[in-house]
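S.K.: Structure for this input, please:
(chains A and B)
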Amino acid sequence: MIGASLERLNYLFATVLSHLDLASARSTATLKHELEELSDLPETKIRIIAIIGSLALLGFIVELVRRRRLKEEYSVLWVTTAVVLLALALSGGLLEILTHAIGAISQASTLFFFGIIFVVFLLLHFSVRVSKLERRMTAMIQEMALQNERNGPAAPESNGRSPEAEETVPPVDDRPASRSGSPPPA
Amino acid sequence: MYARPVSAHKLLIIIPAFNEQGRVGNVIADVKNTLPDADVLVIDDGSADQTAAEAIEAGAIAVSLPVNSGYGVALQTGYKFAARHDYEIVGQIDADGQHKAEYLLTMLKALQEQKADVIIGSRFLERDGHYQPSLARALGIGLFARIASLITHQHVSDPTSGFQLMRIEVARFFCTDVYPTDYPDADILILLHRTGYRVFEVPVQMRPSPGQSMHTGASSPYYVYKMMLSILVTLLRPGAKDTP
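M.R.: Residues are numbered from 1 along each chain as shown, chains lettered A, B, ... in the order given. This is a model prediction of the structure:
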């Protein structure tokens, strides 16, 4: 009794599964076909947009460097990003090969993929720079403080620092207080 | 390096203070009573109140950071001060009055007798239960005490203690980029061990906290993350055992 019903259940499952399989296979085939039909136009479009975009970016970077708004040092990653995007957009063959290599369907995805990779590197690069800046700023803060050391009542203003000077520059309290002077960095 | 006798004038006690008006004066008086010949340096970490003025009033040297920069930066400023003014021994004590300055004598004695480079005042060495941290903090402190003990092959009971005494060589070492200015803690013990400095603990009693806890961070997720990462990279960096 139980064996028979189990068998029936099994059969039911198998039928449903095979139907599902067929359905999904058919739908992917049509989807692919439709994509191929559509692909010509959008691919060209995205490539043109990418070419214009990366050229504009490149021009903008060069202009920023020329006007000394961006240091040469910092332009390296930006220029690399723009040049690689431009190269990919210009050479359709390279883009196609890469699209297959990363298993993407649309060439636009490939462009986005590499664009995002570079953006991630840029952000990381900035984090490194910020860390360095913070370290240097800390050293500077300490240096300023050490230059303004003040002694006890015996020689209150022996270091040429007037109390007024302190009042005019109130300390910036930019972190929440926790430990005595040790707010955990956010 | 170890056996040199210390003249009292070459002793500097650093008190990092952030908005400790009303407390820091008593701590300075406490230190001066215990060690009349020591210089006391208050690092006012960008306080909004009269911490620096109170410190000067109490006879300490005051150094004010122009912006609030955190406990580690304040401490390191003190180390830099000590290194520039040729002190021989540097101590540090919290500004909220939890630490009893009388233990500085015990610590000073231990520093000289044990031929140590750093002495840490531990709240947990004598398990008398006088100090009761919250469960989360106890877990955090316990975890890093265990890790530090494992790595340094010696018993570490209180890696978060801000009550320390060290030789100037160590303070000079802390003036460099090796010092983790955001959360100086268990990672420092490991760094010291890796560099070849000798660290010992001395049991201390604490007064009950007058207000906010000194080590609020010890249970926060960022603290745990930072300490794990810091310990890991300290271990990954090339050991500098031959430098001191």
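S.K.: Where does pLDDT dip in chain A?
M.R.: Low-confidence segments of chain A, defined by pLDDT under 70: A:1-43, A:152-186.
S.K.: go with 90
M.R.: Confidence mapping of chain A against pLDDT under 90 gives the ranges A:1-51, A:53-54, A:61-119, A:121-123, A:125-126, A:129, A:131-132, A:134-136, A:143-144, A:147-186.
S.K.: go on, chain B?
M.R.: By pLDDT under 90, the low-scoring segments of chain B are B:1-10, B:37, B:70, B:96-98, B:112-115, B:122-162, B:177-191, B:193-195, B:204-244.
S.K.: For it, which segments count as strands?
M.R.: Taking DSSP state E to define them, one finds strands in chain B at B:11-17, B:39-44, B:61-64, B:89-92, B:118-122, B:164-167, B:199-203.
S.K.: The last one pairs with which strands?
M.R.: When pairing is defined by DSSP bridges, strand B:199-203 lines up against strand B:118-122 (parallel).
S.K.: With the second one instead?
M.R.: Strand B:39-44 pairs in its sheet with strand B:11-17 (parallel), strand B:61-64 (parallel), by DSSP bridges.
S.K.: want to throw those strands into TSV with mean neighbour count?
M.R.: For glycine as for every other residue, the C-beta is placed from the backbone atoms N, C-alpha and C. Formatted as TSV, the strands paired with strand B:39-44 follow (neighbours: other Cβ atoms under 10 Å in any protein chain shown):
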stretch	mean neighbour count
strand B:11-17	27
strand B:61-64	24
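S.K.: Determine the longest helix present in chain B.
M.R.: Within chain B, and with DSSP state H defining each element, the longest helix by residue count is helix B:135-152.
S.K.: tilt between that helix and strand B:118-122?
M.R.: Per axes from the mean of the first three to the mean of the last three Cα atoms, to 10 degrees, the angle that helix B:135-152 makes with strand B:118-122 is 150 degrees.
S.K.: Which parts of chain B are helices?
M.R.: B:24-34, B:51-57, B:71-84, B:103-113, B:135-152, B:168-174, B:186-195, B:221-236.
S.K.: Ok, chain A next?
M.R.: Counting by DSSP H, chain A has helices at residues A:2-66, A:72-90, A:92-101, A:107-147, A:163-168.
S.K.: State the distance from the nearest residue in space to residue B:174 that is not next to it in sequence to residue B:89.
M.R.: For residue B:174, the nearest residue in space outside its immediate sequence neighbours is residue B:79; the separation is 4.6 Å by Cβ to Cβ, 6 or more residues apart in numbering or on different chains. Computed as Cβ to Cβ, to the nearest Å, the residue B:79 to residue B:89 distance reads 12 Å.
S.K.: before we move on, what about residue B:71?
M.R.: If you measure residue B:71 against residue B:89 using Cβ to Cβ, the figure is 21 Å.
S.K.: For burial, what's the neighbour tally of residue 112?
M.R.: I'll assume chain A. 14 (other Cβ atoms under 10 Å in any protein chain shown).
S.K.: that's the wrong chain, I wanted chain B
M.R.: Neighbouring residues of residue B:112 were enumerated by other Cβ under 10 Å; the total is 17.
S.K.: Please apply the same query to the one 5 residues further on.
M.R.: Other residues near residue B:117 number 23, with proximity taken as other Cβ under 10 Å.
S.K.: residue contacts, it?
M.R.: Residues in contact with residue B:117, defined by Cβ atoms under 8 Å, 6 or more residues apart in numbering or on different chains, are B:2, B:166-167, B:169-170, B:192, B:197-199, B:244.
S.K.: need the contact list for residue A:84.
M.R.: With contact set as Cβ under 8 Å, 6+ apart, residue A:84 has these partners: A:114, A:118.
S.K.: mind running it again at 10 Å?
M.R.: By Cβ atoms under 10 Å, 6 or more residues apart in numbering or on different chains, residue A:84 lies in contact with A:54, A:114-115, A:117-118.
S.K.: Please produce a markdown table containing those residues, extended by neighbour count.
M.R.: Conversion of those to a markdown table gives the following (neighbours: other Cβ under 10 Å):
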| residue | neighbour count |
| --- | --- |
| A:54 | 22 |
| A:114 | 18 |
| A:115 | 17 |
| A:117 | 12 |
| A:118 | 16 |
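S.K.: quick one: residue B:108 and residue B:34, what's the gap?
M.R.: Residue B:108 sits 10 Å away from residue B:34 when distances are taken as Cβ to Cβ.
S.K.: er, residue B:89 I mean
M.R.: Applying Cβ to Cβ, one obtains 14 Å for the distance of residue B:89 from residue B:34.
S.K.: same thing with residue B:153?
M.R.: Distance from residue B:153 to residue B:34, counting by Cβ to Cβ: 33 Å.
S.K.: Nearest residue to the middle of chain B?
M.R.: Taking Cα atoms, centre = their mean as the criterion, residue B:162 is the residue nearest the geometric centre of chain B, at 3.6 Å.
S.K.: sorry, back to before: among residue B:153 and residue B:34, which residue is more densely surrounded?
M.R.: Of the pair residue B:153 and residue B:34, residue B:34 is the one with more neighbours under other Cβ under 10 Å, namely 16 against 7.
S.K.: quick check, stretch B:88-106 touching chain A?
M.R.: Yes. Counting by Cβ under 10 Å from any Cβ of the partner chain, contacts between stretch B:88-106 and chain A involve B:94-96, B:98.
S.K.: Report how many residues lie close to residue B:147.
M.R.: Counted with other Cβ under 10 Å, residues neighbouring residue B:147 total 19.
S.K.: same question but for residue B:131, I mixed them up
M.R.: Around residue B:131 there are 17 residues (other Cβ under 10 Å).
S.K.: Let me see the contact set for it.
M.R.: Going by Cβ under 10 Å, 6+ apart, residue B:131 touches B:98, B:122-124, B:138, B:158, B:204-209.
S.K.: Equivalent analysis for residue A:56, please.
M.R.: residue A:82.
S.K.: pretty sure residue B:200 is touching residue B:109, no?
M.R.: No. Under the criterion of Cβ atoms under 10 Å, residue B:200 makes no contact with residue B:109, lying 11.4 Å away.
S.K.: out of the two, which sits in the busier spot?
M.R.: Of the pair residue B:200 and residue B:109, residue B:200 is the one with more neighbours under other Cβ under 10 Å, namely 19 against 12.
S.K.: ok, back up a step: what separation is there between the residue nearest to residue B:174 and residue B:167?
M.R.: The span separating residue B:79 from residue B:167 equals 12 Å under the rule Cβ to Cβ.
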